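Engineer: Need coordinates for the below:
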Amino acid sequence: MTQPSAPADRTATAPAPTAPAPSAPAPTGAAVRLDGVTKVYGRGTGAVHALRGVDAVVPRGSFTAVMGPSGSGKSTFLHCAAGLDLPTGGRVSLGEQDLSGLNEDALTRVRRERIGFVFQAFNLMPSLTVEQNITLPLRLAGRKADARWLAEIVERVGLTGRTGRRPSELSGGQQQRVALARALVTRPEVVFGDEPTGALDTVTAKEVLGLLRRTVDLLGQTVVMVTHDPVAASYADAVLFLADGQIVDRMAAPTVERVSDRMTRLGAWA
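Structural biologist: Sure thing, here's the model as predicted:
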């Protein structure tokens, strides 16, 4: 697949708002923190060490990309950081809360109320309208949608006038916009993306990456995105590189060229 072009100037990707954009809250502290996190699947000689003593801090109000070769531990990193899976050892914190001490019911509440997810598969309910798909996490939590916030995110992701449609009436890019709006509707502390542009064409991928970038710049959202694409990673503030279950490098202000070069020198390829 031909890669989408990288943002030449991030400030230029944001369209002029029709009304003054809300000031993004000043980022303070860590949104997510991993301390000595290990994850082992299986036992004995068949055990697989997916993560090996990972330490990482994701600042609030930042966009962090996670990269690495196949089998490096990217997906396991995301699953542990997002509370989808419990680490074998170490500690994962969302804000000031230690997730490793929570039972499954408590983890479910955390994921539903404090975390947003955007995956490569859009995971929309085909029988529901766009608006019903967006507000589904709120209904599951027994909460009503804030009409003003719902209208704002619908406008920001470019779905105005389409809220009554079904997913089958939308393009792939529009469906991913619905998924992003659904991730934002609960005002989560962190949005986790697992290859969110992997199923999109290059033009649509660029649009979705620009939307993710603007949620950070204009709304103060924290985004953590697993990707294999150096172009996608170039939209982030920083890139964490994993190899063989360990973080081996961190790059600030990434560019396509620098990320591509670093990816050729990870793990066994170093």
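
Engineer: ok, the residue lying closest to Arg165 once chain neighbours are set aside - contacts?
Structural biologist: Among residues not flanking Arg165 along the chain, Val130 sits closest, at 5.5 Å (CB to CB, 6 or more residues apart in numbering). No exception for glycine: its C-beta is placed from N, CA and C like everyone else's. Listed by CB atoms under 8 Å, 6 or more residues apart in numbering, the contact partners of Val130 are Leu159, Arg162, Thr163, Gly164, Arg165, Arg166, Pro167, Leu170, Val178.

Engineer: what's the helix ranked longest in the chain packed up against?
Structural biologist: Of all the segments assigned as helix in the chain under DSSP state H, the longest by residue count is helix 202-219. Under the contact criterion of 3 or more CB pairs under 8 Å, 6 or more residues apart in numbering; DSSP states H and E, helix 202-219 touches strand 63-67, helix 147-156, helix 172-184, strand 190-194, strand 223-226, helix 230-233.

Engineer: before we move on, the earlier item: would you check how far apart the residue nearest to Arg165 and Asp201 are?
Structural biologist: 21 Å (CB to CB, to the nearest Å).

Engineer: Could you do Leu159 as well?
Structural biologist: Here Leu159 is placed at a distance of 19 Å from Asp201 (CB to CB).

Engineer: Looking at the two, which is more packed in?
Structural biologist: Using other CB atoms under 10 Å as the criterion, Leu159 and Asp201 rank with Leu159 on top: 20 against 15.

Engineer: That one contacts Ala179, correct?
Structural biologist: No: look at Leu159 against Ala179 with CB atoms under 8 Å: they stay out of range, at 11.0 Å.

Engineer: how about stretch 245-261: buried residues?
Structural biologist: For stretch 245-261, a neighbour-count test (16 or more other CB atoms under 10 Å) marks Gly245, Gln246, Ile247, Val248, Met251, Pro254, Val256, Val259, Ser260 as buried.

Engineer: Convert the C-alpha atoms of it to CSV, please.
Structural biologist: The C-alpha coordinates for stretch 245-261 follow below in CSV (Å, rounded to 0.1, in the frame of the first residue of the first chain):
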residue,chain,number,x,y,z
GLY,A,245,9.7,-7.4,24.5
GLN,A,246,11.8,-4.4,25.6
ILE,A,247,11.8,-0.6,24.9
VAL,A,248,15.1,-0.1,23.1
ASP,A,249,14.7,3.6,22.1
ARG,A,250,12.5,6.7,22.3
MET,A,251,12.4,9.3,19.6
ALA,A,252,11.0,12.9,20.0
ALA,A,253,9.6,14.9,17.1
PRO,A,254,9.7,11.9,14.7
THR,A,255,10.0,12.2,11.0
VAL,A,256,9.3,9.6,8.4
GLU,A,257,13.0,9.3,7.5
ARG,A,258,14.3,9.0,11.0
VAL,A,259,11.6,6.5,12.0
SER,A,260,12.2,4.4,8.9
ASP,A,261,15.9,4.3,9.5
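
Engineer: Perfect, that will be all.
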